[in-house]
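Q: Kindly generate the corresponding structure for this input.
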Amino acid sequence: MIRFLARRIVYYVVLVFLATSLTYFLASATFSPRSVYAERNPAPPTAVVDAKLDHIGVNDKTPIIVRYGHWLNDAVHGDLGQTIQDRSVDDAFWPRLGVSLRLLLVGSVIGIVIGVLVGVWNAIRQYRLSDRVSAIISIFLISTPVFLTAVFLKIGATKLNQDTGQQLINFTGEATPGLTGSWWDLFVDRGVHLLLPTISIALGLIAIYSRYQRATMLDVLGSDFLRTARAKGLTRRQATFKHGLRTALIPMTTLFAYGFLGILTGATFTEKIFGWNGLGAWFIDSVQGNDVNAVTAYTLFASVVVLIAGFLADVMTAALDPRVRRS
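A: A predicted model of the protein is given here:
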């Protein structure tokens, strides 16, 4: 198992390096940081613009490979460069990291847990009313984009607040600005703001994971080893959850890991819609602002998060499947 996980870590480090490097070259070749300064009124002198772009490290008059070499050297030493506004990328990145991780982790955990449970329940009750209703709802949610789900939730919360005459659900931003009180008051306030963004992400995950889990569970329920377990005296519930669910989860671990990229994409739109000052909203603003270093930093974060999820999936696979532990 140790050798298996060690090989995977090496692969992940290489993939993170490739993804980040390709993003830097692509952003440098397509973005126009010069236009951010040259289009100001009055337009600054060319020498001033060149000096500013040289300081940030995005001057298009310098060969890309040279710029990349400087950026990579700084990144290895923990410096991700300057934003197009000449602020440290690190100073802009880290405060937003906690905001995004809170949304990503809560939404993904809820989506995975409920999705697996719903999928197992539907497999056990195949073709019954609950299974058919779940299938219809899941197909509807899968076909609905995350940003559209977020908008519907926002409209529904606004309508609820108007009908009740009270601000029952706060959904703009991650917390109420200027709110003071005990730690419990602040915790509840953040929880209320987290509610709708989390639901918008979790609903799609529940729909997707439940359908896949149902399919893998149905394959297991008809297997010989499960009938053998029943013949040895285990009840249906014991055989299903002790042996069946463990086997059915093995192919799901890969889906959990690499479906995380879709969660990142959904969280990007969700943050923008609900006014969260996280990395997703920062990434959209950075693309619009021709900010090479900021976009590269976000790609580095996204690739690391996805590959950490992949590593955890490998750990889960090794824990569930003894054949992998012996490889």
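Q: can you map out the helices along the stretch 151-300 of the chain?
A: 183-221, 224-231, 236-239, 245-258, 260-274, 279-288, 292-320 (DSSP state H, counting those that start in this stretch).
Q: and the second one with helix 245-258, angle?
A: Yep, that's helix 224-231 we're talking about. Using axes from the mean of the first three to the mean of the last three CA atoms, to 10 degrees, the inter-axis angle of helix 224-231 relative to helix 245-258 is 140 degrees.
Q: so where is the stretch 151-300 of the chain shaky, pLDDT-wise?
A: Of all residues in the stretch 151-300 of the chain, none has pLDDT under 70.
Q: What segments of the stretch 51-200 of the chain are strands?
A: In the stretch 51-200 of the chain, no strands are defined using DSSP state E, counting those that start in this stretch.
Q: circling back: looking at the helices of the stretch 151-300 of the chain, which is nearest to residue 49?
A: Closest to residue 49 of the helices of the stretch 151-300 of the chain, according to CB to CB: helix 292-320, at 15.3 Å. All C-beta atoms are positioned from the backbone trio N, CA, C, and that covers glycine.
Q: follow-up on the earlier one: rebuild the helices of the stretch 151-300 of the chain as a markdown table, extending it with mean neighbour count and distance to residue 105.
A: Converted to a markdown table, these look like this (neighbours: other CB atoms under 10 Å; distance: least, CB to CB, whole Å):
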| stretch | mean neighbour count | distance to residue 105 |
| --- | --- | --- |
| helix 183-221 | 19 | 10 |
| helix 224-231 | 13 | 33 |
| helix 236-239 | 14 | 31 |
| helix 245-258 | 19 | 13 |
| helix 260-274 | 21 | 10 |
| helix 279-288 | 20 | 13 |
| helix 292-320 | 20 | 10 |
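Q: Out of those, which is closest to residue 79?
A: Closest among the helices of the stretch 151-300 of the chain, using CB to CB: helix 292-320, at 10.1 Å.
Q: On the pLDDT front, check the closest residue to residue 200 other than its chain neighbours for me.
A: Nearest residue to residue 200, sequence neighbours excluded (CB to CB, 6 or more residues apart in numbering): residue 150, at 4.0 Å. What the model reports as pLDDT for residue 150 is 89.
Q: Residue 150: neighbour count?
A: Residues near residue 150, counting by other CB atoms under 10 Å, number 24.
Q: wait, doesn't it sit right on residue 203?
A: No - using CB atoms under 8 Å, residue 150 is not in contact with residue 203; the gap is 9.8 Å.
Q: anything in contact with each of these two?
A: Taking CB atoms under 8 Å, 6 or more residues apart in numbering as the contact rule, residue 150 and residue 203 touch no residue in common.
Q: just to revisit the earlier point, residues contacting the residue nearest to residue 200?
A: Contacts of residue 150 by CB under 8 Å, 6+ apart are 196, 197, 200, 269, 270, 273, 274.
Q: Surely the third one touches residue 148?
A: It stands for residue 200. No - Residue 200 is beyond contact range of residue 148, at 9.3 Å (criterion: CB under 8 Å).
Q: Any figure for the gap between residue 307 and residue 108?
A: 15 Å (CB to CB, to the nearest Å).
Q: oh, I was asking about residue 296
A: 24 Å.
Q: now do residue 273
A: 18 Å.
Q: Repeat that for residue 251.
A: 18 Å.
Q: Residue 40 too?
A: 42 Å.
Q: now residue 7
A: Counting by CB to CB - residue 7 and residue 108 are separated by 26 Å.
Q: When these two are compared, which one has more neighbours?
A: Shown here are residue 7 and residue 108; by other CB under 10 Å, residue 108 has more neighbours (21 against 12).
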